[in-house]
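Enquirer: Need coordinates for the below:
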Amino acid sequence: MLIRECWTSESRLMREVHMFLVALSFAYFAKALSGSYMKSTITQLERRFDIPSYLIGVIDGSFEIGNLLVIAFVSYFGAKLHRPKIIAVGCVLMSIGTFIIALPHFIIRRYEYKTSVPSVDNSTLNPSPCYVSSPTNLSQKEVQAKGCEGDSNLSMWIYVLLGNILRGIGETPVQPLGISYIDDFATEENAALYVGCVQTISVVGPVFGYLLGSLCAKIYVDIGFVKMETITITPADARWVGAWWLGYLIAGVITLLSAIPFWFLPRSLPVSGPQSPEKCTAEQKSFIKDSPLLKHKYPADEHTSFIEMAKDFIPTLRTLLGHPVYLIYLCVTIIQLNSLIGMVTYKPKYIEQHFRQSASKANFLMGVINIPAVALGMFSGGLLMKRLKLNIMGAAKFAFGTSLIGYILSLFFFAMSCENAKIAGVTLSYNSTDTVSYDKHLLSTTCNSNCMCSVSDWDPVCGANGITYVSPCFAGCTSSAGSGKNTVFSNCSCVGVAGNLTATTGQCPHKDDCDRMFPYFLALSVITSFIISLGGTPGYMFLIRCIKPQLKSLALGFHALATRTLAGIPAPIYFGAIIDTTCLKWGQKRCGGIGACRIYNTTAYRIAYLGLTLSLRTLSFIMCIPGFVLLSRQLKEEERNAIHEALTNGGTELEALRKEEFAISNSTDSNTDRETRL
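Expert: Numbers count the residues shown, from 1 in each chain. Here you go, the predicted structure:
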């Protein structure tokens, strides 16, 4: 009966751990969904608010700024308080922040874009695209902007920034407190598998995030407020903006729902159950005492005053930072996360610009092909760690090996290139004889000299000669027929095809070379993502096991703090700034100033994007060398200390046994003497 009660206690413990695991997995799913959706809307936000990539990097990095504000204190003090309820509060804050991000759509004017294509409503009025007005009048036309004073669109991206900061604050307690809670109350052999499950779910979240981004990118931004028949651009156009706000509303509701289960979970889970130790046998008490469940654990329910915790913070932090292996691991992960965050943030945009895919298709491929490979790799890594029973050194070698193999395979991305789009005056001259570096003065030539065209316009048309022109005006077109997307421009003097001087709306496809190369890019991307993610769970478990149990929560929190400060914040900004240097044609804001980039130099984009990514990973591998040396020394020292402690304990036990034998011997002799006297 007593045996059954003790095992019932263990069963109850595991059941509650599993309940917390499900709740934490849903929270990870929600935060990963909203985070990936943010990355899927990068190009949509650029175009909607007319901002360059580096500013989008600032917005993306603002999430990490929110983490930075509170993560150290949440990780340290939260580990000693009611962790599930703190996680619940964080989920509520994440939800509010997500709703704030969508707010600008409801308070700013409708999206407008420049076009010379007549809408359906004005189909009877087809003015000539070739302006013959004087330069003076044209200059006045360009400078004049109706309603610019008080135009709130210029600063509406600030709401997106603030909402993302609040999302970062809310996300703070989920990872360090959630993982430490599982590691405290799960058995050691199951802890790695549970962490692998949670991280797998956190990678499944982006699948739905990117799919949601793909769906919303197909829907026009002002759907329901404008007649779709009047829209003259398609999702493949550089001016297209999808319904970016819709996904944030959906993600906010899901995040709010994820907070509910944590309000009903206990502060801690008693290892021995409700029964007292006296009710269990000696063998069971010994089992519970020596159970691997208690190894690497730290009591989370110690009732310590806030002042005492505050006094202990600085010495504890000093002890943590004095750990050489932890410091090396921290530096390596910071560098690798710089590479990873920069690469993932702008990968959909890379697919759009380099392989000339729509934003919807780029997000769909990220969600359906790339992210599942990462999820499978994370789960397989946790499973392999359990099956192979990897120790600290084994986990470190496994993570290093998978990262190195993925790095070698990534070098082949340099060979997967596409030619620049053929755009007259931007990537090649009007006579198509040589490639040029873009200069606004090169847009005007003999064939369009009679037209007073605006160099700030981006309204591409595809000539019958297969070359794209910046606008119908720069193509020298003097008339047009039709309306909307079916407009055909005629008498285009720059097209130069005998008997066919026409042009149609939109850029020329020129995707033959990209269509052949794109499947190979996707296949290699899936393989490298899977191999690199195999080392994710072993690397994370290495972080937990390389330090003392009482430093675990602080180590996780400080690791998150450092990576967000030195990787999450700067990486999107400087990646975006470098990408901006490859822009060939900038858009123009409604009230003046540079807006979003319309076309990039494909070759320069590839070299900058891939070169920066792989350079950072090269540096991280170099830093791994002293890390392995220090880890080997630490393990040898711990082994020597364990042997010394065992010998010391053995000698103490032997001395106690001798004393006991001596006492028994004396007692026997005394009894013998007494019997003899009797």
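Enquirer: what sits up against stretch 404-418?
Expert: Taking contacts as C-beta atoms under 8 Å, 6 or more residues apart in numbering, the residues outside stretch 404-418 that touch it are 354-356, 513-514, 517, 520-521, 524, 527-529, 531-532, 602-603, 606-607, 610, 613-614, 617-618, 621. C-betas here are computed from N, CA, C, even on glycine.
Enquirer: Now do the strand or helix carrying Tyr605, average pLDDT.
Expert: If you go by DSSP states H and E, Tyr605 is part of helix 602-677. Across helix 602-677, pLDDT averages out at 72.
Enquirer: and what of stretch 490-508?
Expert: Averaged over stretch 490-508, pLDDT sits at 78.
Enquirer: Could I get the buried residue list for that stretch?
Expert: Residues of stretch 490-508 classed as buried: 491-496, 501-503, 505-508 (neighbour count, 16 or more other C-beta atoms under 10 Å).
Enquirer: Which parts of the stretch 451-600 of the chain are helices?
Expert: Ranges of helices in the stretch 451-600 of the chain, per DSSP state H, counting those that start in this stretch, are 512-534, 536-545, 552-563, 570-580.
Enquirer: Which one, of those, ends up nearest to Ser480?
Expert: Set against Ser480 and scored by C-beta to C-beta, the helices of the stretch 451-600 of the chain come closest in helix 512-534, at 28.6 Å.
Enquirer: now for that closest one, which elements pack on it?
Expert: helix 347-355, helix 371-388, helix 392-410 (3 or more C-beta pairs under 8 Å, 6 or more residues apart in numbering; DSSP states H and E).
Enquirer: Got the confidence number for the closest residue to Pro348 other than its chain neighbours?
Expert: Leaving out its chain neighbours, the residue that sits closest to Pro348 by C-beta to C-beta, 6 or more residues apart in numbering is Ala362, at 4.3 Å. pLDDT recorded at Ala362 is 88.
Enquirer: Ala362: neighbouring residues, count only.
Expert: Residues near Ala362, counting by other C-beta atoms under 10 Å, number 24.
Enquirer: And it, how far from Thr43?
Expert: 9 Å (C-beta to C-beta, to the nearest Å).
Enquirer: tally of neighbours for Asn431?
Expert: 12.
Enquirer: Let's verify it: helix, strand, or coil?
Expert: Secondary structure state of Asn431, per DSSP: H, G, I helix; E, B strand; the rest coil, is coil.
Enquirer: what's the spacing between it and Ser493?
Expert: 13 Å.
Enquirer: if I look at the two, which residues touch both of them?
Expert: Counting by C-beta under 8 Å, 6+ apart, nothing touches both Asn431 and Ser493.
Enquirer: all strands of this protein, in order?
Expert: 461-463, 468-469, 479-481, 488-490, 503-505, 583-588, 594-600 (DSSP state E).
Enquirer: So which of those is nearest Gly367?
Expert: Nearest to Gly367 among these is strand 594-600; the distance by C-beta to C-beta comes to 23.5 Å.
Enquirer: Touching the closest one from outside, list them.
Expert: Contacts for strand 594-600 (C-beta under 8 Å, 6+ apart): 46-47, 50-53, 238-239, 353, 421, 423, 426-427, 458, 579-580, 582-589.
Enquirer: Got the domain ranges for the chain?
Expert: Listed by the TED database, the domain ranges of the chain are 9-125+155-269, 318-415+514-583+601-663, 420-510.
Enquirer: Going by mean pLDDT, which of those domains comes out lowest?
Expert: Of all those, domain 420-510 carries the lowest average pLDDT, namely a mean of 77.
Enquirer: for it, the distance to its chain's centre please.
Expert: The chain centroid and the centroid of domain 420-510 are separated by 39 Å under C-alpha atoms, centre = their mean, to the nearest Å.
Enquirer: hmm, back to that, which of the contacts of strand 594-600 are buried? Put it as a ChimeraX command.
Expert: Buried subset of the contacts of strand 594-600, written as a ChimeraX selection, criterion 16+ other C-beta under 10 Å:
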select :46,47,50,51,52,53,238,239,353,421,423,426,427,458,579,580,582,583,584,585,586,587,588,589
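Enquirer: how far away is the closest residue to Val204 other than its chain neighbours from Leu647?
Expert: Counting by C-beta to C-beta, 6+ apart, Val204 lies nearest to Ala375, which is 5.2 Å off, once chain neighbours are set aside. Going from Ala375 to Leu647 by C-beta to C-beta gives 47 Å.
Enquirer: These two - which one has more neighbours?
Expert: Neighbour comparison, Ala375 and Leu647: the larger count goes to Ala375, with 21 against 10 (by other C-beta under 10 Å).
Enquirer: For the more buried one, which residues are in contact?
Expert: Going by C-beta under 8 Å, 6+ apart, Ala375 touches Thr200, Val203, Val204, Val207, Ser533.
Enquirer: could you dump those to CSV with neighbour count and distance to Gln175?
Expert: Listed next are these as CSV, based on neighbours: other C-beta atoms under 10 Å; distance: C-beta to C-beta, whole Å:
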residue, neighbour count, distance to Gln175
Thr200, 24, 14
Val203, 25, 14
Val204, 21, 16
Val207, 22, 19
Ser533, 25, 17
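Enquirer: Now intersect these with the helices, please.
Expert: Members of the contacts of Ala375 lying in helices (criterion: DSSP state H): Thr200, Val203, Val204, Val207, Ser533.
Enquirer: List just the nearest of those to Ser480.
Expert: Val207 (43.9 Å).
Enquirer: if I read this right, that closest one contacts Gly367, doesn't it?
Expert: Yes. Taking contacts as C-beta atoms under 8 Å, Val207 lies within contact range of Gly367: 4.8 Å.
Enquirer: Now list whatever residues contact both of those two.
Expert: Common neighbours of Val207 and Gly367, counting by C-beta under 8 Å, 6+ apart, are absent.
Enquirer: Thr445 and Thr505, how far apart?
Expert: According to C-beta to C-beta, Thr445 and Thr505 sit 22 Å apart.
Enquirer: Could you dump the helices of the stretch 451-600 of the chain into a markdown table and include distance to Pro626?
Expert: Formatted as a markdown table, these follow (distance: least, C-beta to C-beta, whole Å):
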| stretch | distance to Pro626 |
| --- | --- |
| helix 512-534 | 22 |
| helix 536-545 | 16 |
| helix 552-563 | 18 |
| helix 570-580 | 24 |
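Enquirer: Can you tell me which of these is nearest to Pro315?
Expert: Closest to Pro315 of the helices of the stretch 451-600 of the chain, according to C-beta to C-beta: helix 552-563, at 11.3 Å.
Enquirer: For the closest one, name the packing helices and strands.
Expert: Under the contact definition 3+ C-beta pairs under 8 Å, 6+ apart, helix 552-563 sits against helix 53-78, helix 174-185, helix 306-321, helix 324-345, helix 536-545.
Enquirer: Only the buried residues of the second one, if you could.
Expert: Residues of helix 174-185 classed as buried by neighbour count (16+ other C-beta under 10 Å): Val174, Gln175, Pro176, Leu177, Gly178, Ile179, Ser180, Tyr181, Ile182, Asp183, Asp184, Phe185.
Enquirer: what are the ranges of the helices in the stretch 151-300 of the chain?
Expert: Going by DSSP H, counting those that start in this stretch, the stretch 151-300 of the chain shows helices at 157-171, 174-185, 188-218, 244-258, 282-289.
Enquirer: between the second one and helix 552-563, how many degrees?
Expert: Compare the direction of helix 174-185 with that of helix 552-563 by axes from the mean of the first three to the mean of the last three C-alpha atoms, to 10 degrees and you get 160 degrees.
Enquirer: Does helix 174-185 pack against any helices or strands, and if so which?
Expert: For helix 174-185, the elements it packs on are helix 2-40, helix 53-78, helix 83-102, helix 188-218, helix 552-563, judged by 3+ C-beta pairs under 8 Å, 6+ apart.
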